[in-house]
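>>> Mind looking at a prediction? Sequence and model below.
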Amino acid sequence: MTERMNRQWRLAARPIGTFKDSDFQWTQEPVPALKEGELLVHNQYLSLDPTNRGWANEVDTYLPAVKLGDVMRGGAIGVVEESRNPSFKAGDHVSGLLGWQEYAITDGTGLGKLPDNPAIPLTAYLGLFGHIGLTAYYGLLDVGQPKAGETLVVTGAAGAVGSLVGQIGKIVGCRVVGIAGSDEKCRWLTEDLGFDAAINYKRENVLEALKRECPNGIDVNFENVGGVILDSVLALINVGARISLCGLISQYNAAERVPGPYNLAMLIVRRARIQGFLVSDYMNRAGEAMTALGRWLMEGKIKYRVDVVEGLEQAPRAVNKLFDGSNQGKLVVKI
Ligand code: NAP
């Protein structure tokens, strides 16, 4: 019998700036036999996320840094091929941090079993019905606490998280203004997703455009980007505004220390709040979010798109789509 081989991307160097091919090493090794309590997952889709860049740095974040030589960490969905763990059986679909590889052996810690629903494409469990949906739902509703009639500004608005946030904002009854990096993305936000306005930050002065599109000021900001964009938002916040700090993608590739926001004093003047959050803190409340998101999807109130790149060997280049803005929706690799 031919030995089953695993193909993997290992972290070979600490990236400086965006990922380069030389930051990764492509390795192949036989899949070892399972020990008692373990299961073998054949990965099908790999989730590429902005946080991958932070995990590759030397400094620990909310998870330990990936060690040089280790398989690159990444969320994935796969099917159980063999199991010596009573909680999982062959044929189960699972999701978890299974890594940039074709096969993963795990003891099941942190692994979730996916529902058996043929109507839902597997990739949705890495997006709307996965960590992305959960981030948008609780990051907006729990942290941002938007109310009907308020103005919500979403940055990174055409991305996986941002596009859901804006649509949930519309469901709540907000005026929703999105900021994104191309005219095509801005058109998608206003014409397909129902945003009230969209600003192309690469073409317009963001502060001036926000003044035009937010005549009543900004009550809630769902912040994915940081930098100049966050500063422009801060300049226009209302008394009691809430800033839900989800991500700071404009600085994930910075090789130098990044200056902090200049307009932080506006938090004092406007008695406003900025609060960071991690989606992992909401895992135990996933049921509520998934029920609501599923209902809105059925009702046609929520749309999403998935950007599928073919082939595990493409992962190191594909991940940079998140940083040059060429991803069209949730970025995944079909393994
Ligand atoms: P995404 O938005 O689908 O993709 C990233 C997008 O960011 C790109 O398409 C690009 O769109 C934009 N971008 C990249 N570099 C930029 C820059 N320098 N300035 C402005 N925009 C830039 O990715 P996602 O997975 O949905 O993640 C969005 C944000 O949520 C990230 O900050 C991520 O770290 C954060 N996040 C946080 C949590 C949490 O638990 N707190 C969980 C998931 C994600 P443009 O074409 O518009 O530039």
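Arrived safely.

>>> Residues of this structure that sit close to the ligand?
For the chain, the contact set with the ligand under C-beta under 6 Å from any ligand atom comprises 49-51, 131, 135, 156, 158-162, 180-182, 185, 224-225, 246-247, 249-250, 277-279, 322-323, 325, 327. For every residue, glycine as well, the C-beta is placed using N, CA and C.

>>> Filter these down to just the ones in helices.
When DSSP state H is applied, the residues of the chain next to the ligand are split such that 51, 131, 135, 160, 161, 162, 185, 322, 323 fall in helices.

>>> Quick check, pLDDT for the last one.
In this model, residue 323 is scored at 98, pLDDT.

>>> Ok, the first one next?
Turning to residue 51, the model gives it a pLDDT of 98.

>>> Excluding chain neighbours, what is closest to it?
Nearest non-adjacent residue to residue 51, counting by C-beta to C-beta, 6 or more residues apart in numbering: residue 61, 7.6 Å away.

>>> Cross-check the contact I'm expecting between the one you found and residue 52.
No. With contact defined as C-beta atoms under 8 Å, residue 61 does not reach residue 52; the gap is 11.1 Å.

>>> Tell me which of these two has more neighbours.
More crowded of residue 61 and residue 52, by other C-beta atoms under 10 Å: residue 52, with 23 against 11.

>>> coming back round to it: can I have the buried ones of the residues of the chain next to the ligand as a ChimeraX selection?
Selecting the buried subset of the residues of the chain next to the ligand in ChimeraX, with 16 or more other C-beta atoms under 10 Å as the burial test, is done by:
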select :49,50,51,131,135,156,158,159,160,161,162,180,181,185,224,225,246,247,249,250,277,279,322,323,325,327
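
>>> still on that earlier bit, the residue nearest to residue 51 belongs to a helix?
No. Read with DSSP: H, G, I helix; E, B strand; the rest coil, residue 61 is coil and lies in no helix.

>>> for it, what are its contacts?
By C-beta atoms under 8 Å, 6 or more residues apart in numbering, the residues touching residue 61 are 51, 54, 55.

>>> Now flag whichever of these is closest to the ligand.
When the contacts of residue 61 are compared for distance to the ligand (C-beta to the nearest ligand atom), residue 51 wins out at 5.3 Å.
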